[in-house]
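Student: sequence unknown, structure follows:
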């Protein structure tokens, strides 16, 4: 459905500055009907990639195919402008036109789009689209008189009204408050899945990405660092960046030999030992169990001292010094702990992920 | 499965679409409008005296030598600077006070003040100047006569024909422009900056001195330089007051060289003076750009919608504030009222109750029955409608390329549209005269249109830039992704959203085009008389009632256009916030 090959965007350096590589040979394929997400921190190139696919930004190299036809190719000098790509897009600001009514906003792609609809069809199709987002009663409202959540629904209806081949979502949830965001997450996924529309979603929020996506691509500094299902990228990160970005993690450096990894505070045993040499062990805070007494388990138990704790209801976020390392641990909120207290931490071997150590980390 | 139109080579899709054609066209037009006249001006200034315009002779510096060696040149430059500097100081002081009262206090009648200030652009400086001459001329000036009878003076205490009067009259007529620029500055100041000082325990006076004033200083300075640039280039008041007072400034000196009362026009000398004025204006423009850039660092405008807290005026303060503002408007209205009075009698007489019985509309009747006056009015309407419309269309497109288009071309268009700011109208008028003198276009209204297009583009493009910057880029992106072409996106989405600003800009150009005397006078022939030049000719003739009646017709007509649109736009802009 969508295929991106070696996409590249280099911004020329300004006033003697060196050129910035915003997107660096990015390639991926999106299957028809898939909910596909580009995830990464700001400045990682995800938005530039999305804008290149939309045709709002001209890449400096690579190739983009949409539904079998090339919309951009640097080698063949092809560039189809944004208005001929038959896309639907929801913008971060929603970009609802304030001088038009809800109806006119949604009707715009049908009336002024490259493939305009026959006159008699417009009303029915706009109302259908508004019904999809449950806004059929608001058709004649001026757009500025809507709440943030409603504006976003209008944006969604406008993006869907022309039955686009690809729906692009550019951080559409980031301007909503937390509760509404949770509700819209579910709603958007259900809507596009029921319509069978291929969707490309861009976000910096890993929870959003995991809750909504079929496939996640994690990007860092213009490159793809990992691609996979939500479980893949969360449970089996292949690098320290992904591991850290997908959720709070302890990154412990060590030397691997077989299934034993020697760290500054002792030997950590792991299940898989694919790599020998300098590695980083990724341990999520909530897989570590902490107890006040030494337990029967012998392997992977380390003695530590509670440094700091903050109570957040669902758990206690704590920092425990083990040797020279500071480990983040989730403690049981129903127990009481005292700063400076001695704790025994158990790190389950099957929940440790070992990734090659990166030069800078 | 999709409507994605087949792959097309970028070479054909990109290079000649509507957007690129528009951009190339704008570039060529701007280049012709700006570079063409300036080139002619410089070339003419180094031609020998005998050479006819646009005929090449051996280049010579005789005109520059002439300019440099003339005994009056130093005085001329001093006059220009004193006139511009003095009037700006007068205008900025009055405007800061009034802007502070309307934007930062709860003085009653704020909206009225604002509407009156904005509507002032409907009053030609020419009309304002004539009104003052009627009020304070040493012979029968109304105020002089009144003061003499009250104090028993032998000689008239006031005269318009001196530098001080010229500065004060020009300063007063500049106040509304200064007010418009400064009130925005005061209105958009982030109130939290003052709140922070207040919470820290500072007194109101300390806040004003230590926080508000330093924050506003760079903005006021850049407004001052901007206005100085405009005054250095101004022509109308120095022409009607300064020439009689024998206070020549650069702009009027250019006129007297190009259209002397006797003898043949010396275009070479006029061009050399023109180059001098151009250099002076450009120097001010560079200074303006610098100050503006450094004041960006002091930016108090954050773009967020907020209203600074208003100071509550108490008792005497309130009376003084209202009294001061009323006095100011009385001073502004007096010259218009005396012109109205003069237009109601076949021969001028001093205002008195006993004369009211003799009021007649004969002057209006006579003006409106003369074909020359009717043609002047018709020409004026044609002039301001075409030039305002063309300017606004060009400004919208130039601003789009400057704000959204990006790239070298965008920056270049932006610079080119701003350049006319430093080209004095009188210089442009001389250049146009030289270019079109031998063409059939000479003596037509279209040469005036070309001049006004160029001169007013700078302001219009600035205004539209400011408006477009406010519009989130995604609003336009959304239109393109929805399938709209570049032109459709502009027509259906972008421009409708900045409609109030477009109307406002159009109105500004209409008013300025209708009141301008520079181009009509320098390019004057029997066929291209417009209202401003017709008033000037009648006054000079002299036909005082006729000039006064025509002035009233112009001011009244412009007011009828300006005030309703101003009210509509103010409401639209306020409604959006």
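Tutor: Thanks, I have it. In this text the structure is predicted, and so the values were computed from the model without any measurement.
Student: Give me the phi and psi for the closest residue to chain A within chain B.
Tutor: Residue of chain B nearest chain A, by C-beta to the nearest C-beta: residue B:483 (2.8 Å). The C-beta positions use only the backbone N, C-alpha and C, and glycine is treated the same way. Main-chain dihedrals, residue B:483, degrees, to the nearest 10: phi 110, psi 0.
Student: Just the pLDDT at it, thanks.
Tutor: Looking at residue B:483, its pLDDT stands at 90.
Student: How about the contacts made by residue A:161?
Tutor: Contacts for residue A:161 (C-beta atoms under 8 Å, 6 or more residues apart in numbering or on different chains) come out as A:88, A:106-107, A:109-110, A:125-126, A:128-129.
Student: let's see it at 10 Å
Tutor: Applying C-beta atoms under 10 Å, 6 or more residues apart in numbering or on different chains to residue A:161 gives the contacts A:88, A:105-110, A:113, A:117, A:122, A:125-126, A:128-130, A:132, B:482.
Student: Can you say which of those are buried?
Tutor: A:88, A:105-110, A:113, A:117, A:122, A:125-126, A:129-130, A:132, B:482 (16 or more other C-beta atoms under 10 Å in any protein chain shown).
Student: about what we covered before: in helices, which of the contacts of residue A:161 appear?
Tutor: Taking DSSP state H as the definition of helices, the contacts of residue A:161 contribute A:105-110, A:122, A:125-126, A:128-130, A:132.
Student: Now narrow those residues to whatever sits close to chain B.
Tutor: By C-beta under 10 Å from any C-beta of the partner chain, the members of the ones in helices among the contacts of residue A:161 lying near chain B are A:105-110.
Student: Might you list the low-confidence residue ranges for the stretch 151-300 of chain B?
Tutor: B:294-300 (pLDDT under 70).
Student: And the helices in it?
Tutor: B:163-187, B:191-199, B:204-207, B:213-233, B:236-237, B:250-258, B:267-296 (DSSP state H, counting those that start in this stretch).
Student: and residue A:60, which of those helices is closest to it?
Tutor: Between residue A:60 and the helices of the stretch 151-300 of chain B, the shortest gap by C-beta to C-beta is with helix B:267-296, which sits at 30.9 Å.
Student: contacting residues for residue A:10?
Tutor: By C-beta under 10 Å, 6+ apart, residue A:10 lies in contact with A:19-24, A:59-61, A:222.
Student: pretty sure it is in a strand, no?
Tutor: Yes: counting by DSSP: H, G, I helix; E, B strand; the rest coil, residue A:10 is part of a strand.
Student: Most proximal residue of the stretch 251-361 of chain A with respect to chain B?
Tutor: Nearest residue of the stretch 251-361 of chain A to chain B, counting by C-beta to the nearest C-beta: residue A:310, 30.1 Å away.
Student: Kindly report the same for the stretch 151-300 of chain A.
Tutor: Across the stretch 151-300 of chain A, the shortest distance to chain B (C-beta to the nearest C-beta) belongs to residue A:165, at 4.1 Å.
Student: Pull the number of nearby residues for that residue.
Tutor: Residues near residue A:165, counting by other C-beta atoms under 10 Å in any protein chain shown, number 21.
Student: wait, doesn't residue B:505 sit right on residue B:495?
Tutor: No: Residue B:505 is beyond contact range of residue B:495, at 11.7 Å (criterion: C-beta atoms under 10 Å).
Student: where does the chain dip in pLDDT?
Tutor: With no chain named, the answer covers chain A. A:13-17, A:272-274, A:359-361.
Student: I was thinking of chain B, sorry if that wasn't clear
Tutor: Across chain B (using pLDDT under 70), the flagged ranges come out as B:1-16, B:50-57, B:294-309, B:573-577.
Student: Residue ranges of each domain in it, please.
Tutor: Chain B breaks down by automatic domain parsing into domains covering B:22-60+B:362-577, B:61-360.
Student: Can you check the distance spanned by the last one, start to finish?
Tutor: Right, domain B:61-360. 57 Å (C-alpha to C-alpha, to the nearest Å).
Student: That one vs chain A: in contact?
Tutor: No: with C-beta under 10 Å from any C-beta as the criterion, chain A is not reached by domain B:61-360; the gap is at least 12.6 Å.
Student: between residue B:505 and residue B:495, who's got more neighbours?
Tutor: Set residue B:505 next to residue B:495 and count neighbours by other C-beta under 10 Å: residue B:505 wins out with 25 against 19.
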